[in-house]
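Student: the following comprises the amino acid sequence and a computationally predicted model.
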Amino acid sequence: MLKDLKNICKNHFLYVICSLVYCVLGGFLFGGTLYSFIIAFVVYILSVILALSPTAEKILKFLNGIRAVETEEERDYLISVFNGDEWELALKGFGKIEFGIIDKLEVNACAIGRRTIAITKGALNAFDEEQLKGVIAHEIAHLKNGDTVANLFLLVASGYFFLFVSLLKLIIVLFEKTSTTVKDKSILRKILTVFIFVFQSLMQLVLAIESRKREYKADEMAKEWNFGNGLTSALYLLEKISLGDYRNFKQRLTASHPRTTARIMRLEGYMFIRSDNRVKRHKNTEQTEDVETFELKSGNADFFAGE
């Protein structure tokens with residue numbers, strides 16, 4: 001828990017601020033006194049501890065339709081992909097990864113909780129081994145960066161806040177039905193609705209920008225671990241089989257992921273520049289530092305998402 005909190009404060013300071021904002025607003029709705037703020041913070045911390053428990057991770061798997069790796073074919077394929085010395089650097093200081101399967105034809109993978117990576121059936125069938133290695137490395141980067149834990153912190157805070165908002169709405173409804181002195185009884189409800197809309201929109205915008213940065217960082221880490229070629233190849237495949245990545249202005253602002261082609265460009269280290277009315281392709285020749293390898297002391301993964 002303390003390690004997760006330290007990681008979030010280091011890598012996700014914006015998420016910490018947003019969570020505190022939710023707690024402060026929840027404290028105001030609970031009464032606005034010092035006692036109410038203390039209660040709001042204590043309940044939030046206890047809720048986060050519960051959200052980080054193994055039981056909560058199992059609930060997350062269930063809610064997201066993640067099942068165990070059940071067949072020999074699935075298990076053998078993942079073992080062939082994930083066993084090897086090439087994973088030593090990626091797994092350094094982390095421990096075991098737990099895999100699960102989502103029975104969807106969509107080509108996708110995601111990391112949830114503290115150590116779970118879920119892969120769709122579509123991804124297992126579409127990606128070759130090198131591509132799947134790149135995708136898994138990207139998801140490991142999310143886990144090591146604490147991205148999924150930061151999402152849990154924020155999810156608990158936002159749920160906590162909107163619980164109090166629902167309570168406040170109920171109080172306003174009761175006030176409208178019983179008050180005989182206020183002419184426009186709906187004014188408080190209108191003010192609350194506008195406030196929630198503006199607040200949600202601002203939070204969504206800020207967090208979307210942060211989310212796109214996290215995706216780029218996970219790509220960079222996968223590349224540093226020597227899985228950049230496989231990840232790039234996987235993104236090319238996703239770009240080809242997608243129905244297009246056109247986004248209108250609102251979608252560009254609120255998208256949680258960058259465009260696939262933008263991610264490919266960064267991974268390849270290229271950028272297009274205009275010079276003398278000609279567009280040239282410029283290679284980024286930045287050198288990466290040598291990395292140290294570490295002895296693999298235990299197996300890399302658990303291949304069951306549940307008992």
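Tutor: Yep, that arrived. Residues are numbered from 1 along each chain as shown.
Student: residue 117: neighbour count?
Tutor: Neighbours of residue 117 under the rule other C-beta atoms under 10 Å: 26. C-beta coordinates here come from the backbone N, C-alpha and C atoms, glycine included.
Student: helices of the chain, start to end?
Tutor: Taking DSSP state H, the helices of the chain run over residues 2-11, 13-29, 34-51, 54-63, 72-82, 88-91, 121-126, 129-145, 147-178, 187-224, 228-241, 249-254, 260-268.
Student: any idea which of those gets closest to residue 103?
Tutor: helix 121-126 (5.5 Å; C-beta to C-beta).
Student: now for that closest one, which elements pack on it?
Tutor: strand 97-102, helix 129-145 (3 or more C-beta pairs under 8 Å, 6 or more residues apart in numbering; DSSP states H and E).
Student: domain parsing for the chain?
Tutor: What automatic domain parsing lists as the domains of the chain is 2-59+148-183, 69-146+213-302.
Student: the first one - what's its average pLDDT?
Tutor: To tie it back to what came earlier, the one meant is domain 2-59+148-183. Across domain 2-59+148-183, the average pLDDT comes to 77.
Student: re the thing from before, would you reformat the domains of the chain as TSV and include distance to residue 189?
Tutor: Formatted as TSV, those follow (distance: least, C-beta to C-beta, whole Å):
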stretch	distance to residue 189
domain 2-59+148-183	5
domain 69-146+213-302	26
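Student: and of those domains, who's closest to residue 207?
Tutor: domain 2-59+148-183 (6.7 Å).
Student: circling back to that earlier point, among the helices of the chain, which comes closest to residue 106?
Tutor: Among the helices of the chain, helix 121-126 sits nearest to residue 106 (C-beta to C-beta), with 5.1 Å.
Student: off-centre distance for the closest one?
Tutor: 21 Å (C-alpha atoms, centre = their mean, to the nearest Å).
Student: same deal with stretch 216-223?
Tutor: 14 Å.
Student: now do that stretch, average pLDDT.
Tutor: On average, stretch 216-223 scores 95.
Student: want to try JSON lines for the helices and strands packed on helix 121-126, with mean neighbour count, mean pLDDT and distance to residue 232 as columns?
Tutor: Formatted as JSON lines, the helices and strands packed on helix 121-126 follow (neighbours: other C-beta atoms under 10 Å; pLDDT from 0 to 100; distance: least, C-beta to C-beta, whole Å):
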{"stretch": "strand 97-102", "mean neighbour count": "22", "mean pLDDT": "94", "distance to residue 232": "22"}
{"stretch": "helix 129-145", "mean neighbour count": "23", "mean pLDDT": "95", "distance to residue 232": "7"}
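Student: in CSV: the ones you listed, plus distance to residue 88.
Tutor: Output for the helices and strands packed on helix 121-126, formatted as CSV (distance: least, C-beta to C-beta, whole Å):
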stretch, distance to residue 88
strand 97-102, 13
helix 129-145, 12
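Student: out of these, flag the one nearest residue 47.
Tutor: helix 129-145 (21.3 Å).
Student: for residue 113, phi and psi?
Tutor: phi 60, psi -140 (degrees, to the nearest 10).
Student: hang on, it packs against residue 60?
Tutor: Yes. With contact defined as C-beta atoms under 8 Å, residue 113 counts as touching residue 60 (5.5 Å).
Student: looking at those two, which one has more neighbours?
Tutor: residue 113 (25 against 18).
Student: how close does the spatially closest residue to the more buried one that is not a sequence neighbour get to residue 152?
Tutor: Nearest residue to residue 113, sequence neighbours excluded (C-beta to C-beta, 6 or more residues apart in numbering): residue 57, at 3.8 Å. Computed with C-beta to C-beta, to the nearest Å, the distance linking residue 57 and residue 152 is 9 Å.
Student: next one: residue 244
Tutor: In this structure, residue 244 and residue 152 are 32 Å apart, going by C-beta to C-beta.
Student: between those two, which one's more packed in?
Tutor: Between residue 244 and residue 152, counted using other C-beta under 10 Å, the more crowded position is residue 152 (22 against 6).
Student: what sits against the more buried one?
Tutor: Counting by C-beta atoms under 8 Å, 6 or more residues apart in numbering, residue 152 makes contact with 48, 51-52, 113.
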